[in-house]
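**Q** fold the following, please.
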Amino acid sequence: MKNTVSTLMKQKQTGDKITMLTAYDYTTAKIMDECGVNSILIGDSLGMVMLGYENTLPVTMEDMIHHTKAVARGAVNAFIVADMPFMSYQVSVQEAVINAGRLIKEGNANAVKLEGGAEVCEQIRAIVRASIPVVAHLGLTPQSVNAFGGFKVQGKSLENARRLIEDAKKIQEAGACAVVLEGIPAKLADIITSKLTIPTIGIGASAGCDGQVLVYQDMLGLTSGHIAKFVKQFANAGEVMRQGISDYIAETKAGTFPTAENTYSIDDEVIEQLIREEM
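**A** Here you go, the predicted structure:
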């Protein structure tokens with residue numbers, strides 16, 4: 001059954017946890033969809049995990065549309081959410097609606113996601129008025145990395161915690177259908193979840209959120225270097241890939257690949273005739 005805004009809302013009401021993962025290509029999205037994930041996020045995290053940027057800021061609308069189209073072709077049942085990249089919604093409300101519309105029309109997404117609280121409520125209202133579902137994003141918002149001075153946990157002081165609670169209420173009032181809570185203390189995430197009627201999706205937040213999201217490269221062990229505290233590695237696919245690639249290189253160099261079972265046959269009479277013709 002297709003996951004929708006309504007089914008995600010019902011999951012919150014019944015206590016059925018929402019599962020969300022990032023994906024950026026057809027093959028991965030198809031596998032996730034077959035596994036039954038509720039929602040797939042085409043995150044602007046693709047800037048780092050797919051394009052090799054230092055952060056999400058260089059990602060363009062064209063990048064997001066390209067990858068969203070691929071994911072949408074692979075996922076039949078998952079609720080597809082596409083990130084609005086940096087500066088695609090901050091400049092003006094009109095631009096925000098136009099760019100959100102592109103992700104729906106050209107990318108075939110089911111919803112868009114944008115970062116921020118009270119300061120983006122006008123954009124959320126306008127996009128929702130255009131019949132486009134909006135997922136909000138509070139806490140550690142990666143597009144604000146320069147303003148934050150790095151990727152730091154948010155909402156630890158009384159003032160900032162109060163602000164996040166108020167922002168959550170405001171984005172709900174503006175019409176957001178769900179909110180991602182990233183990099184905030186667990187007890188604060190629990191309070192926000194209890195005060196909202198829309199689902200909360202945690203990443204580095206709390207098991208008390210209505211759902212969870214992870215970057216799939218992180219949870220499958222495909223990334224190297226620093227791994228955030230909130231990441232759990234559910235499989236080491238990276239090691240499996242490295243072993244397979246190393247075995248391929250070794251067998252190719254040794255001449256043991258391909259074998260007869262990996263090649264195609266031809267009638268010996270045809271070969272003999274070719275040899276006679278070449279002599």
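
**Q** A29 is in what secondary structure piece?
**A** In this assignment (DSSP states H and E), A29 forms part of helix 26-35.

**Q** that helix packs against which elements?
**A** When contacts are defined as 3 or more C-beta pairs under 8 Å, 6 or more residues apart in numbering; DSSP states H and E, helix 26-35 sits against strand 39-42, helix 61-74. C-beta: built from backbone N, CA, C; applies to glycine.

**Q** what packs against the shortest one?
**A** For strand 39-42, the helices and strands in contact under the criterion 3+ C-beta pairs under 8 Å, 6+ apart are strand 18-22, helix 26-35, helix 61-74, strand 79-83, strand 211-214.

**Q** that strand - which strands sit beside it in the sheet, and in what orientation?
**A** Strand pairing for strand 39-42, determined by DSSP bridges: strand 18-22 (parallel), strand 79-83 (parallel).

**Q** now render those as JSON lines, adding distance to L46 and mean neighbour count.
**A** Compiled in JSON lines, these are given as follows (distance: least, C-beta to C-beta, whole Å; neighbours: other C-beta atoms under 10 Å):
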{"stretch": "strand 18-22", "distance to L46": "8", "mean neighbour count": "24"}
{"stretch": "strand 79-83", "distance to L46": "8", "mean neighbour count": "28"}
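
**Q** could I get those as a markdown table with distance to Y53 and mean pLDDT?
**A** Shown next, in a markdown table, are those (distance: least, C-beta to C-beta, whole Å; pLDDT from 0 to 100):
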| stretch | distance to Y53 | mean pLDDT |
| --- | --- | --- |
| strand 18-22 | 15 | 98 |
| strand 79-83 | 14 | 98 |
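
**Q** out of those strands, flag the one nearest M61.
**A** strand 79-83 (10.1 Å; C-beta to C-beta).

**Q** next, the buried residues of the following helix or strand past the closest one.
**A** Counting by DSSP H and E, the element after strand 79-83 in chain order, helix or strand, is helix 93-105. For helix 93-105, the neighbour count (16 or more other C-beta atoms under 10 Å) marks A96, V97, N99, A100, R102, L103, I104 as buried.

**Q** contact partners of helix 93-105?
**A** Residues outside helix 93-105 that contact it (C-beta atoms under 8 Å, 6 or more residues apart in numbering) are 61, 64-65, 68, 82, 84, 88-90, 109-110, 112, 114, 122-123, 126-127, 130, 132, 134.

**Q** give me the buried entries from the residues you listed.
**A** When the contacts of helix 93-105 are checked for burial by 16+ other C-beta under 10 Å, the buried set is 61, 64-65, 68, 82, 84, 88-90, 109-110, 112, 114, 123, 126-127, 132, 134.

**Q** what about the helices in the stretch 151-279 of the chain?
**A** Taking DSSP state H, counting those that start in this stretch, the helices of the stretch 151-279 of the chain run over residues 158-174, 186-195, 216-219, 237-254, 268-278.

**Q** which of the residues in the third one are buried?
**A** Looking back up the chat, that one is helix 216-219. Buried residues in helix 216-219, counting neighbours by 16+ other C-beta under 10 Å, are found at Y216, Q217, D218, M219.

**Q** can you redo those residues as a markdown table with pLDDT and distance to K152?
**A** A markdown table is the format used below for these (pLDDT from 0 to 100; distance: C-beta to C-beta, whole Å):
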| residue | pLDDT | distance to K152 |
| --- | --- | --- |
| Y216 | 97 | 24 |
| Q217 | 96 | 22 |
| D218 | 95 | 18 |
| M219 | 95 | 22 |
